[in-house]
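>>> turn this into a structure:
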Amino acid sequence: MGRHRGNNEDGADLWDRSERRPSGRSRRRRRRGRAFTALAAAFAIIIGLGITGWYVLDTSGGCGGQDVPLSVAASPEIAPALTEIAAGFNENNDGVDGRCVEVEVRAAESADITYGITGSGPTAGETESDVWIPDSSLWSNLVREDSGDSAATDTGTSVASSPLVLARPAEADAPEDRPSWDALVPTSAPTSDAEGRQVQLVDPIRSSSGMATLALVAGAIGEEEEGRPQLVAALQTLQRSVAPDQEAAFNTLAENPEASSVLVLSEQAAWEYNQDHSDAPAQVDYPEGGTYMLDYPYIDRTSDPVVSRAADLFREALTRKKAQQVLLQDGFRTGEGEADPKVLTEDAGFQTSPPEQLPTPSTENVQQLTQAWNRLNLDSRMLTIVDVSGSMLEEVPGTGMNRMQTLAAAGTQGLGLFPDDSELGMWRFSVGINGDLDYEEVLPIRELTAEVDGGATQEDALANAFNTMQPVPDGDTGLYDTYLAAYRQMSDTYKADRVNSILMLTDGNNDDPDSISLDKLIATLKEESSPVRPIPIFTIAFGPDIDPEPLNKIAEVTGGAAYTTEDPTQIGSIFLEAFSHRLDPSGQTG
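Numbers count the residues shown, from 1 in each chain. Okay, the predicted model is just below:
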């Protein structure tokens, strides 16, 4: 391997950032120099042959001949610095086997490369390259898990690093306590008087900072099954303020300089934001207890041994002091976590010393959280059925309200769990309240933001229906006929692009002697159900005399769940428990 280093005895780079020429221009001049050298050599050969009849061509030192092209796909935020480093590298005429290596860097989203290799998600643009520098090992780990080590060989070199931080508008009030991942988002059912900072993150399906945030929040909650409702609450809270990309997140931060909100992003992204928004800068906080570090791994993707040696040559160049200095000046840290205090300044909240580093989330954990996020992000289509039998007039001890009133409060609270584009409708039921039928439509299924009579939205109408619904004083509970009618209604109007489900809210057992029997109901539901068109039934039953066995059988045959409680005030938490069934890996619950 020939190299031309001139008088640079210590092996340092010859190029200097202040004197570097653009890559294209430098390359053209180099090629003109090679052409002149080749022409001079040809004349020397001719003259030598004419005088002596022989000539010896000295090829020692330097590089020439056909270039070895090396394509590098890098995460967009680091691509400009790498392009600058590559220009100096190319100008140095480093080579392998006497051939000069020509590095070309292009910006490529890490998610695009990952999904382009694995085929597991949407992608855009060119995904092929000899070298890949994603922003995080999260992506390269996913590739190796899906496609094996041959698709992406980790060289063990971290080109740069950048920890996750919390950025808030500088004009907003500072938090009283240092933030932590376990207190970042609510982990209980939302309430109408809930206060706190809004947390925004970039779409975790496309962003390392977003995915790592999910992993850190989930890790703080714990992996036990009883923690799933808390995880659901946290994920649903985050889904309400997710940004599709970093630019959209930046815009939100800039447009609300006094808002009580925080944005989870990398330290380098926060620095970049402040560079572009000096009139409305962000203040940075480092989460207590440590944070995750984006590590920018150097991944060799080529199977060509010559190109692989060229990749190793460029990798080694990136670890040198001057190359690292270019990265530091763009707001990155070194792979070891060192920062430039003149770039990451204390006045913006940056700290020179690296924060405590939390371990990289496992590939299995990332895949599970991605699935959970996607399941919870699916639009809901749900029919809620409310019991209006006479027993709903009974007082709930210690509340000063009857069962219907406490149910209305819990139902209104439960509406806050649904995104605006969810589709919800409502029935009420007792016995014979609609001619011979035990059930009656209160509101058809519509999107929550749909406008209904009087200019109100469907969500407003649902809340009003909960609050104004009155029990039938002597009404009985026509449970089984209502279950079957609701199931058939949802089956006839099934929407494949949504999670279709039924929610039954009741305080009693079936006491309609003329209704379908439980055995016949179970057999009919089993016959009419389809695994490719699931309609899970969730029942929340409250009261001291509930028989849970029939409700559990109905839940089991439809892939739903049944919950019983003697305290209707617990319904908000039960709503979360029901939602957590979307995390079921079978994907059959809703």
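>>> name the nearest residue to A461, sequence neighbours excluded.
What sits nearest to A461 in space, not counting adjacent residues and going by CB to CB, 6 or more residues apart in numbering, is V452, at 4.9 Å. Bear in mind the C-beta positions are built from the backbone N, C-alpha and C, glycine included.
>>> and that neighbour, how many neighbours does it have?
By other CB atoms under 10 Å, the residues close to V452 number 16.
>>> correct me, but it touches Q458?
Yes - taking contacts as CB atoms under 8 Å, V452 lies within contact range of Q458: 5.7 Å.
>>> lowest average confidence, helix or strand, in the chain?
helix 23-51 (a mean of 38; mean pLDDT, DSSP states H and E).
>>> can you pull out the low-pLDDT segments for the stretch 201-350 of the chain?
Flagging of the stretch 201-350 of the chain using pLDDT under 70 yields the residue ranges 223, 225-226, 257-260.
>>> check which helix or strand covers L327.
Here L327, judged by DSSP states H and E, is contained in helix 321-329.
>>> just the CA atoms of that helix, as CSV, please.
Extracted in CSV, the C-alpha atoms of helix 321-329 (Å, rounded to 0.1, in the frame of the first residue of the first chain):
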residue,chain,number,x,y,z
LYS,A,321,-6.9,14.4,16.1
LYS,A,322,-7.6,16.8,13.2
ALA,A,323,-10.6,14.7,12.0
GLN,A,324,-12.0,14.6,15.5
GLN,A,325,-11.6,18.3,15.8
VAL,A,326,-13.8,18.8,12.8
LEU,A,327,-16.5,16.7,14.6
LEU,A,328,-16.1,18.5,17.9
GLN,A,329,-16.6,21.9,16.1
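>>> pull out the buried residues from it.
By neighbour count on 16 or more other CB atoms under 10 Å, the buried set for helix 321-329 is A323, Q324, V326, L327, L328.
>>> just stretch 169-183 next, same as before
Within stretch 169-183, the residues scored as buried using 16+ other CB under 10 Å are P169, A170, A172, P179, W181, D182, A183.
>>> what do you get for stretch 352-359?
Buried residues in stretch 352-359, defined by neighbour count with 16+ other CB under 10 Å: P354, P355, L358.
>>> elements contacting the strand or helix carrying Y439?
Using DSSP H and E, Y439 sits in strand 437-447. Applying 3 or more CB pairs under 8 Å, 6 or more residues apart in numbering; DSSP states H and E, one finds that strand 437-447 contacts strand 380-387, strand 423-434, helix 458-468, helix 479-492.
>>> among these, which is nearest R446?
Among these, the nearest to R446 by CB to CB is helix 458-468 (4.6 Å).
>>> tilt between that closest one and strand 380-387?
Per axes from the mean of the first three to the mean of the last three CA atoms, to 10 degrees, the angle that helix 458-468 makes with strand 380-387 is 10 degrees.
>>> low-confidence stretches in the stretch 51-200 of the chain?
Within the stretch 51-200 of the chain, the segments meeting pLDDT under 70 span 51-62, 149-150, 175-176, 186-197.
>>> quick one, helices of it?
Counting by DSSP state H, counting those that start in this stretch, the stretch 51-200 of the chain has helices at residues 79-91, 110-118, 137-147.
>>> as CSV, those helices with mean neighbour count would be great.
Shown next, in CSV, are the helices of the stretch 51-200 of the chain (neighbours: other CB atoms under 10 Å):
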stretch, mean neighbour count
helix 79-91, 22
helix 110-118, 23
helix 137-147, 21
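>>> including distance to G290, could those go into JSON lines?
Listed next are the helices of the stretch 51-200 of the chain as JSON lines, based on distance: least, CB to CB, whole Å:
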{"stretch": "helix 79-91", "distance to G290": "26"}
{"stretch": "helix 110-118", "distance to G290": "23"}
{"stretch": "helix 137-147", "distance to G290": "17"}
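>>> out of the ones you listed, nearest to L462?
Among the helices of the stretch 51-200 of the chain, helix 110-118 sits nearest to L462 (CB to CB), with 36.7 Å.
>>> so the strand holding Y439 versus strand 380-387, what angle?
150 degrees.
>>> pull out the CA atoms of strand 437-447 and give them to me as PDB.
The C-alpha trace of strand 437-447 is given here as PDB (Å, rounded to 0.1, in the frame of the first residue of the first chain):
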ATOM      1  CA  LEU A 437     -84.900  -4.800  21.900                       C
ATOM      2  CA  ASP A 438     -82.700  -4.500  25.000                       C
ATOM      3  CA  TYR A 439     -80.300  -2.000  23.400                       C
ATOM      4  CA  GLU A 440     -80.500   1.400  21.700                       C
ATOM      5  CA  GLU A 441     -78.100   3.500  19.800                       C
ATOM      6  CA  VAL A 442     -77.200   6.800  21.500                       C
ATOM      7  CA  LEU A 443     -74.500   8.000  19.100                       C
ATOM      8  CA  PRO A 444     -73.300   6.300  15.900                       C
ATOM      9  CA  ILE A 445     -69.600   5.500  15.600                       C
ATOM     10  CA  ARG A 446     -67.800   8.600  14.300                       C
ATOM     11  CA  GLU A 447     -64.300  10.200  14.500                       C
END
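>>> partners of it, with directions?
Strand 437-447 has its sheet partners listed here by DSSP bridges as strand 423-434 (antiparallel).
>>> can you pull up the most central residue in this protein?
Nearest residue to the geometric centre of the chain (CA atoms, centre = their mean): P204, 1.1 Å.
>>> that one reaches T370, doesn't it?
Yes - under the criterion of CB under 8 Å, P204 lies in contact with T370, with a separation of 7.1 Å.
>>> find residues that contact each of those two.
Both P204 and T370 are contacted by M211, under the criterion CB atoms under 8 Å, 6 or more residues apart in numbering.
>>> contacting residues for E451?
Residues near E451 by CB under 8 Å, 6+ apart: T457.
>>> would you quantify the distance from it to D460?
Per CB to CB, to the nearest Å, E451 is found 10 Å from D460.
>>> again, but for V532
V532 is 35 Å from D460, where distance means CB to CB.
>>> those two: which has the busier surroundings?
D460 (15 against 5).
>>> for that one, which non-adjacent residue is closest in space?
Per CB to CB, 6+ apart, closest to D460 is V452, 7.7 Å.
>>> now distance to V96 too, for the buried residues of stretch 169-183, in JSON lines please.
Shown next, in JSON lines, are the buried residues of stretch 169-183 (distance: CB to CB, whole Å):
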{"residue": "P169", "distance to V96": "50"}
{"residue": "A170", "distance to V96": "49"}
{"residue": "A172", "distance to V96": "53"}
{"residue": "P179", "distance to V96": "49"}
{"residue": "W181", "distance to V96": "46"}
{"residue": "D182", "distance to V96": "50"}
{"residue": "A183", "distance to V96": "53"}
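>>> now for those: which two are most distant?
Maximum distance among the buried residues of stretch 169-183 (CB to CB): 25.6 Å, for A170 and D182.
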